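Undergrad: model the structure of this input:
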Amino acid sequence: MRPNLSRALQGVGMTLVSKLLAEIRTPFGQQEAGLAAQLSFWAAEESERAADRLVIETRATRELLREGLLLSGRARPAVEAALAAPPAPNLRISSLQAENDAVRKGLVELQAGIEDNPSPAARAFNERIWAELVESTKRRAFAARL
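TA: Predicted coordinates:
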């Protein structure tokens, strides 16, 4: 047997919703079981997509850092430090998240740095940063809803 975390968590959620929820007598207990089911569905979804999402997001962020370096102004040292952050040494979520956190910190600094730059190029680049942040938020949205 090959364990599949996503399927196992979906199974827990489905059991909570389809079998246990009706057996719980109090509204509070039903609410708690429903919440546990929802969390199980979310964990199932995130376990399936987390590595891919982090790799895509980190790649996009590094690209923005490289392209925005000339516009970064006072934030240049922070942007350079973020670009120098080592890649994740493996595909564990914790490693990918650490790399992502490092480059996202640089992106925050880059955005703050270009806010001081009144040039049209800086304004346009700030819009590109916001567009990636919107996409990042969409990547994190959950499809599973009760």
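Undergrad: use CA for all of it now, contacts and neighbours both
TA: Noted.
Undergrad: what is the neighbour count of the residue nearest to Pro86 when sequence neighbours are not counted?
TA: Once flanking residues are discounted, Pro86 sits nearest to Glu99: 7.1 Å by Cα to Cα, 6 or more residues apart in numbering. Using other Cα atoms under 10 Å, Glu99 has 20 other residues around it.
Undergrad: what's the answer for Phe41, then?
TA: 26.
Undergrad: right, and it touches Leu9 too?
TA: Yes: counting by Cα atoms under 8 Å, Leu9 is a contact partner of Phe41 at 6.4 Å.
Undergrad: where does this structure have low pLDDT?
TA: Scanning the chain for pLDDT under 70 picks out the ranges 144-146.
Undergrad: longest helix of it, counting residues only.
TA: helix 27-68 (DSSP state H).
Undergrad: ok now do Gly73, which residues does it touch?
TA: Going by Cα atoms under 8 Å, 6 or more residues apart in numbering, Gly73 touches Gly113, Ile114, Asp116, Asn117.
Undergrad: widest-spaced pair of these?
TA: The widest separation within the contacts of Gly73, taken as Cα to Cα, falls between Gly113 and Asn117 and amounts to 7.2 Å.
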